[in-house]
Each structure stands twice: as structure tokens, then as C-alpha cells.
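S.K.: Make a model of this:
(chains A and B)
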Amino acid sequence: MELKKSYSPEEIEDKWYDAWERNGYFKPDQDAEGSPFCIVIPPPNVTGSLHMGHALNATLQDVLSRWKRLRGHKVLWLPGTDHAGIATQNVVERELAKEGLDRHRLGREEFIERVWKWKADYGGRIIHQLKKIGASCDWSHERFTLDDGLSQAVREVFVRLFEEGLIYRDNRLINWCPRCHTALSDLEVEYEDLEGKLYYIKYPLEDGVHYLTVATTRPETMLGDTAVAVHPDDERYRRFINKVVQLPLTGRRIPVIADTMVDPTFGTGIVKVTPAHDFNDEATGKRHNLPFINVITEDGSMSPEAGERYNGLDRYACRKKVLDDLKELDLLEGEKKHSHSVGHCYRCKTIIEPLLTIQWYVRVETLATEAVAAVKRKEINIIPDSWENNYFAWMRDIKDWCISRQIWWGHRIPVWYCPDCRTDDGILQGDLIEHIFFEPVKLSDGAMIQSGTYSELRRLGLSKEEIINNSKVIRIPKSVIPVCGREDPKVCPNCGGDVIRDPDVLDTWFSSALWPFSTLGWPGKTDDLQTFYPTSVLVTGFDILFFWVARMIMMGLKFMEEVPFRDVYIHALVRDAKGQKMSKSKGNVIDPLVMIDKYGADAFRFSLAAFAAQGRDVRFSEERVEGYRHFINKIWNASKFMLMYKGSWTRLPVSPADVGLDLGSKWVLSRLSAAAEEVHRNLEIYRFNDAANTIYQFLWHEFCDWYLEMSKPLLYNEESAGRTGVINCLYFVFEKMLQLLHPLMPFVTEELWNTVLDKDYSIMTSRYGGDLPRDFDTEQKMGYLIDAVTGIRNIRGELNISPSVELRADIRTASGDVEALFRENSEIFKKMARCKEVNIGPGIKRLKGSAVSIKNGMEIYIPMEGLLDVASEVSRLEKEIAKVESSLAFLNKKLQNDDFMSNAPREVVEKERIKFDDLVKKEQKIEENLKLLRSIDR
RNA sequence: AGGCGCGUAGCUCAGUGGGAGAGCGCUACCUUGACACGGUAGAGGUCAAGGGUUCGAUACCCUUCGUGCCUACCA
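M.R.: Numbering: from 1, shown residues only, chains lettered A, B, ... in the order given. Next up is the predicted model:
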């Protein structure tokens, strides 16, 4: 088979991927003798498109999966996507808006159908884009968080947590996105510093004389103030404590309270307290039993409680109006610029509104304690371990997890309420459940109605369906008793009446938290679960350590009574070459698919792996990808070289113990062992960059630069004794090399495995056996050869001798072993050093006009027949002797130092002494030669 | 404010208690029978600064400066 002049990835990548998939090589090998190895992919959003983070993440997982397969493990890499509740709903809502529709007009069921249809058409592409980078996921195991099986797991988990009292409802301030119209968890809020204003507002005291000036960034919330607070020790205001102020614009009388949360140095030292619209004030309000007045609604506009003048205004329009009104009343004392951090919705970037609502929560305290203990006990290793502290710190301060979302796309909360039953306090529940319609509904008598309690609306003649289907907001107070179960109740289990289902769905992360076991078939007792749980390693970015990793650990421990994974490998974020986070708005996004198009998947993957040093961000630069494409080209050309000798390849196995093998072959076998050992060791501890560099170094600089070059004299001479050995060794090393490289570069290695090695099975199904033993004696011998060759090349380069000039080398050897070595390998040596004549022996003398290279155990003379530029050679040797002397001075100081001699470990002292002795010898010899140069050659 | 990290060759980055490495770039030479996406050689660093521990510090500790991120707060 012929290979083209250079490597064209596009011609082979799809071909091999299809073949692998068709042959089922991505499925766990049932005959594998090794232990099971399982990775569940961090499921990307179904709406997403592939970015560099996914590419890095998937590459690392694929490297591990492929490497483990080669090592004989039964490997499952399980792919899938999550349903991304808010994001996906947003996408489809935007689509509807283009058609002049909205989800309420469409209705819940029809809307959900639309989302499924969208998903079928566009969703989940991202995961299949991974095929382009060669991801060896078992696609027959692909999962989606809203699949039936996973939904069943969600149901089971919810019900059990509910039954155990670990899930509860509560009325608290939550982060609310007025645009997405849903609650968000603390983690889903992104804070950003904004330039705002601090407004100083006068609150008149009841005495009609004094007033207190508060400073606020959100004047519109004053309509909901229920107190003014000062620090108890603040002398300026102490006398006002327990007095009453008239809240401007409302006339409400509110108390002046003392609370230590007030910072006397900020603003005026007087704080307005709005318990229903600020997290700090909520706490203050609870401490002081203040009323909570909700002046802002779910869509970010002012509520009737804000007063008739402001009711219905958008929160920012209201701010302006409030300020105008205050100015009018001369109660606005001033304003100044103020930069502060403001929460934004992580999905749509709308400014968050803290809102008092009833939500579902998971009580995480005990779950978190267990999850911390598991990491402390090393049942889970977080790598790099610097992330452990981060994990512990977060878990220590963890707050209960708000899991309800007021959207439609997701796992609907399996809870129902009966309007006909009564609360524990004896109140009819239907009287407590409030509905707000998305548009006014016409009653049978022609009147229009916008909202009301369930009971009222029923009395007005609306059916249950009409009420539910028209509701934009349903408020169900805490006292209404929830009915939760594994089966959907048709009627109320107590009274047999109609029940209303909780309108909310669960946070997407709730289902993601179950991913390591729900994907393997839980709550069923499946073989997959038996074989692959706990999974081996989770590979993910640190940005979802809390969102996801911590929650998986909690849920895994709770429901599987076993950690979800043994290792968590946290990789870095991919940034651009300047270290900036890639983002669409900055326009510095690099599309992985474009990289693959340009450079091929192998070069791209190899770059990512080589960049993935632990604990540091990846600064991605296209130049490096280009560099690694050159590396592939190097492999490609080495392959072409090998193909020339394929006819003579006897396919006999080789080993370093083969007596017939030449020095170079024995050497390369030993170096291969060293490289392989290092690659395996590095992958074992997730040092992807070290693994990549090891194989790069071996392949290019040892195999190509030295071994291929050394083998040429033997290969060119068809009569040479070692020829067959060299050819067999070349192919043997090549095969092992391809296997070592395969996890990093699956495509090109498969191509060469087939074309160069003529294998009748895929490299994917091959096994990398044990390593051969090192041969240190050979490595040392080769060291002499390399030293001598390098010395001569150095002379050639420094003295500007053309490579076409063949030199004569006179080598004085210090031992018989070295002499024998050069005699045995003189042909190879001549070729490598480009010499036509080599004289070797202990009695060799320097000829006049020779350049010199002093090496350990040998002195090399290059006679130049009067052409030697004595001045350059003198300065060259002087430079070298200067180096030697400075080293000697340094070593001498050390060896003269009694403290060093008595305190340093013996082997260090010994090492330094040997170094010193060698350098002394070297110095003497260079000195002698300099003397000769200065006298005879002058 | 608290926490975590980073600062090593022109650039991007590895690294280690015993006088620093790679890739790219640069310089010189070379179309030598796999490869110019190549070969050979070379130049280039007070390992941010200061102090401490140590026989010995680029590495460990402290301080400072610069820089990035995370968490919290910001009335």
C-alpha cells in the first residue's frame, strides 16, 4: 500500500469512525479480562453547540477510555445530554414569539410537544458533534435526562426524599428572573459590578421636625419598607430608636429599629428595611418581626401593594417616578455614583429580583455531611487536590437547595393539592389557592376576570381545566397539604374530589445529580449498574463542581449508598491565547469543528491533551495545533520510510535479549520501554500533557532522529548481517508506538496500523501488553556514540564546515570497552557523523591542525589539513573551558564546605564528587589542547 | 473582605530541596535516497522583588508588587 506525500486527515477520519461504530468497538468488550472502567459524560445542554470546553472535556475522556481499552479493561463511556429546562424553554419560546404566539396561548401540553419536536429536529446535535473529534462513546447507551427511565429515577428520588422529610416547601426570598419567570437557585445567579447610583432620601419623623436620611440604590422598593434601621451603638441616631417615621409616598408609619447589621460608615448609617425585596432585610425583618410587604410581582412590575399610583409600573419606570415624586416633595436629598454588584440570570442576563415566594427545597445538611466525609475518607479523590478545599468550603456553607422552577419543560413535581379538603387549621384549601391569569377570562355573564382564588373562580362558573389552563401564576400557600406519590392520583385520596397538580418542574440539576446511576438503569437493578457503578472517574470543569459534582456525590451516597465515582478530574477552562475567557460577545470564540477542519482531529486532540497541565487554565493557540499537525506529518513520513522495507519484514517478534540485534535496535527497545512506562504512569495520574510530551519526544527525537538514522547504513546494505533484525525491530517499535499514541491520535494511528502493519484487526481491539525490560548497559553505550556524533556535529556547525565535506575523526578512547564499541559500530558512526575515515584507540594522537571535542571517556580530533581556523577554534575551546571552570568553582566551593560534606546525603556528595572529577579531567584535556593550538598550530 | 492560583527563554508553558527544560519564534548552515510540515548546530533566563528556614532555595515559609479566578458583601 502506498502512502500519499503528506497526511490528509479529512480522507480517513470519517471512514474510521464509521467503521469503529459499525463494528461495535465503542461498546464494552464483554471478553475483556481487565476490570470494568466507566465514565459518564457530563451531559451538555441539549440546546448547546460544541465549544472548546466540551472538546477538551471529551478529548480527555476519550484518551482515558481508549487507553483503558488498550490495557484490557471493559470500558463504558456513556454519552448523553440534559434537558436544560430554562434554556430550552427560552429557545422554543423565542420560536413561538416569531409566530406571534406564546406558551400560555398554546397551552402546557401543546407547548411541551413543541419542545419535544424542537429537540427531535435540533436538540442534542452537540453530543454527536463529538464524533468529529473521535469520541469513542457507546452510543447505544446514550441517555437524555427526560427519558422515561431517568424520569422514573427522578420520581423515585423525589418521593423518597419527600417521605423522609428531606424535601419541603417554604416561603422565602428567592432569586427570581422576571423574564424567565421562574425561581433560580443561588448558583444560577451571576454577579456583575454595575455602575449605579446611591440615592439619599429623607424620611420625616412623626414630630414633623426631624427627618432621617436613608441611602439606597433601589428607591422603588421603599414602597415596601416596613422599618428604618440604625446601628444600636451609633451615637448620632441613638435617640431616634423606637421612634416612628412617616414613610414618604405611602404615609405608612414605620418604626426605627436598632440592628447590628447596619454599617454606620456606609451611606448615612441609616438603612431602609424592605423585608420582601432584599435578602439582608429579610433576615432583619425576621429578627424584628416586621411585616413583609410585597410590592413587586413575578413579572417585575409593581403590585397593588405599592399603591395605586405605582401599581402595574415596571420596576425601573417606577424607580423614576418615585424619584420624581420625591423631588417634588423635596425629600430627595441627593444622589451619587455608586458601583455595586448586581445579580443576573445566568441564562438570560436579566437583573434578578429577590421575591418572596413559596418554593420546594431539599434539606441538604445531612446529605452534605456525608458527601464531605466521603471525600475526607478518600473514597473520592478530587484531582488536582487543590480543589478539595474549594469543595469543603462550599459544602460547609451550603444552603438548602431550591429545586422548583416555574417553567414547563422539565420533570414535573409529583405533588397534588385538593381544593376541597381543609388545612390543618380548618381552612378550605380552595380559598387559599390563588390564580392569576395570563389574560382576562370572560365569564358566562360577560364579565372579564383576571385573578382569584380557586374557590371564587369555581363559583364564578369556571371549570378546573379553564382555571388551570389560563393561569400564569398559581400561588399555593404553605398550609395547603401536598399529596405526593409514586403514582399519579386521579382523585383526592381523602375526599375523592378533583386534585390540582403542582404547576412547577424541577431544577435540571436535580436530574443531573442522579446521572451516574440513573443512566445505568436505576431504580432498576441492572447488570450495567452492577458492573459499572461506582463509575471510575468523572472528568469535568471546575465551573460545575458545586452545581453538579457535589450534588451527584450527595445523591449517589443517599440512593446507591456508594460514591458515584472514584476520581474526579477537574480540568481547566479553555481561554484564548491572551488568557481571556472565550465568549460570543467578545468574539474570541474558537470553534473546535473549524480547528478539526483545518488541522485534523488528531492534531487538535493532541494539542488539547498537551495543553491540559493540571491546575492551570488552557490558553489555546492555533500555532500549537499547527505544530502538532507537523508532528503527525513526521509520523506519516516515518511510515513511508518503513514501507520501503516492508517486503523484508519477517514479522518475527523481537526482544532486547536477541543476540543478533545491533546496538541501535537494542537501544530503541530500551527507550521504548522507558517511554511506555512513562506514558502509562502519567495517564494513571491524569497528567495528560506529560503523557503527550513523552510520546512526542520519543517518537520524534529518539525514534526518528536517532534510530531511523542509525538504521540506514544497515538497511541500505542488503548484505548486512543485522538488516533483518533492524527491520523487525523497526516494525515492532512502530507497532508499540502506534498503540501508545492511539489514545491521543486515534485516526492516524488506525490508518497506519492498517496500511503499514497490515493488521487484520483494528488498533482499537488490540492490547498493549507488558513492557520490555530496560537495558541500561546499551543505553550507556549508545550515550558514548551520541556524545561523539554530537561533538563532531558541533565542530562542524561552529566552524562552519559544510555538511557535504566528509571528515576524518581520530578518537582517543580511555577504555577498551569504548574502543570496542566504536570499532563494532564504525559504519554507523561514520554515517551519523558524516566521516569518511575513523581512527580509534587509546594511543591516538592529535594531528596538527585538528579541531577538538572532549567528551567523557574520549577525545575526538578532527584533522583539517591546514584549513583549521585557529582563532575560532581557540575561542570555541576557551568558551567551553570557561563553562567548565565556572562549574568547577561551584562544585569546589561545595566540596570544601564542611557543612555540606557532613549534612548532605552521601549519594549527593558522591555524585558531586564524580562530577567534579570528570570536570577536572575535561578541563585538563581542553587545557592541553589549547596549549597545542596556541603553540604548534599558530 | 475572605479564599485559591499564577508570575521561569522573545511568545506559550512544563518542572524540581543538589547550578534550569520543551514547543513555537530567532540566527547560521544544509534540497544527505521518509519528511523543508524537514535536518544539524547555535544564541537566549539574577526562575517577579525582598527577607527567612537550610550545608544548599527557582522550588519550602513570610512580606511586597503585579495578575487571574472563586465565594461573600455592597442599604
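S.K.: CA only for contacts and neighbour counts going forward, please
M.R.: Noted.
S.K.: count of residues packed around the closest residue to RNA strand B within chain A?
M.R.: Closest residue of chain A to RNA strand B, C-alpha to the nearest atom of the strand: residue A:216 (2.0 Å). By other C-alpha atoms under 10 Å, 20 other residues sit near residue A:216.
S.K.: Likewise for the one 4 residues further on?
M.R.: Using other C-alpha under 10 Å, the number of residues around residue A:220 comes to 23.
S.K.: Please name the residues that touch the nearest residue to it once chain neighbours are set aside.
M.R.: If the residues on either side of it in the chain are set aside, residue A:220 comes closest to residue A:319, at 4.6 Å by C-alpha to C-alpha, 6 or more residues apart in numbering. For residue A:319, the contacting residues are A:218-220, by C-alpha atoms under 8 Å, 6 or more residues apart in numbering.
S.K.: Could you pull out the strands in the stretch 401-550 of chain A for me?
M.R.: A:401-402, A:404-405, A:415-417, A:434-442, A:448-453, A:471-475, A:483-484, A:500-501, A:505-506, A:535-541 (DSSP state E, counting those that start in this stretch).
S.K.: Out of these, which one sits most buried?
M.R.: Highest mean neighbour count of the strands of the stretch 401-550 of chain A: strand A:404-405, a mean of 27 (counted as mean count of other C-alpha atoms under 10 Å).
S.K.: Off-centre distance for that strand?
M.R.: Here the centre of strand A:404-405 is set off from its chain's centre by 27 Å, with C-alpha atoms, centre = their mean, to the nearest Å.
S.K.: thinking again about what came up before, now the residue nearest to residue A:220: how far from residue A:246?
M.R.: Using C-alpha to C-alpha, to the nearest Å, residue A:319 is found at 19 Å from residue A:246.
S.K.: any weak-confidence spans in chain A?
M.R.: For chain A, residues meeting the criterion pLDDT under 70 lie at A:1-2, A:576-580, A:583-587, A:615-616, A:938.
S.K.: Tell me, domain by domain, which residues of it belong where.
M.R.: If you go by automatic domain parsing, the domain ranges for chain A are A:176-358, A:414-503, A:601-774, A:869-938.
S.K.: Can you list the buried residues in stretch A:289-306?
M.R.: Judged by neighbour count (16 or more other C-alpha atoms under 10 Å), stretch A:289-306 contains these buried residues: A:290-303, A:306.
S.K.: Same list (the strands of the stretch 401-550 of chain A) but as TSV, adding distance to RNA strand B.
M.R.: Formatted as TSV, these follow (distance: least, C-alpha to the nearest atom of the strand, whole Å):
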stretch	distance to RNA strand B
strand A:401-402	12
strand A:404-405	19
strand A:415-417	29
strand A:434-442	30
strand A:448-453	33
strand A:471-475	26
strand A:483-484	31
strand A:500-501	32
strand A:505-506	21
strand A:535-541	11
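S.K.: got CSV for these, with distance to residue A:866 too?
M.R.: Shown next, in CSV, are the strands of the stretch 401-550 of chain A (distance: least, C-alpha to C-alpha, whole Å):
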stretch, distance to residue A:866
strand A:401-402, 87
strand A:404-405, 90
strand A:415-417, 100
strand A:434-442, 102
strand A:448-453, 109
strand A:471-475, 100
strand A:483-484, 101
strand A:500-501, 102
strand A:505-506, 89
strand A:535-541, 66
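S.K.: Of all the ones you listed, which one comes closest to residue A:700?
M.R.: strand A:535-541 (29.7 Å; C-alpha to C-alpha).
S.K.: Could you give the number of residues near residue A:425?
M.R.: 8.
S.K.: quick one: contacts for the closest residue to residue A:767 other than its chain neighbours?
M.R.: Spatial nearest neighbour of residue A:767, excluding adjacent residues (C-alpha to C-alpha, 6+ apart): residue A:70 at 4.5 Å. For residue A:70, the contacting residues are A:739, A:764-768, by C-alpha under 8 Å, 6+ apart.
S.K.: and what of residue A:849?
M.R.: Taking C-alpha under 8 Å, 6+ apart, one finds A:863-868, A:870, A:933, A:937 in contact with residue A:849.
S.K.: The same query, at a cut-off of 6 Å, please.
M.R.: For residue A:849, the contacting residues are A:863-864, A:866, A:868, A:937, by C-alpha atoms under 6 Å, 6 or more residues apart in numbering.
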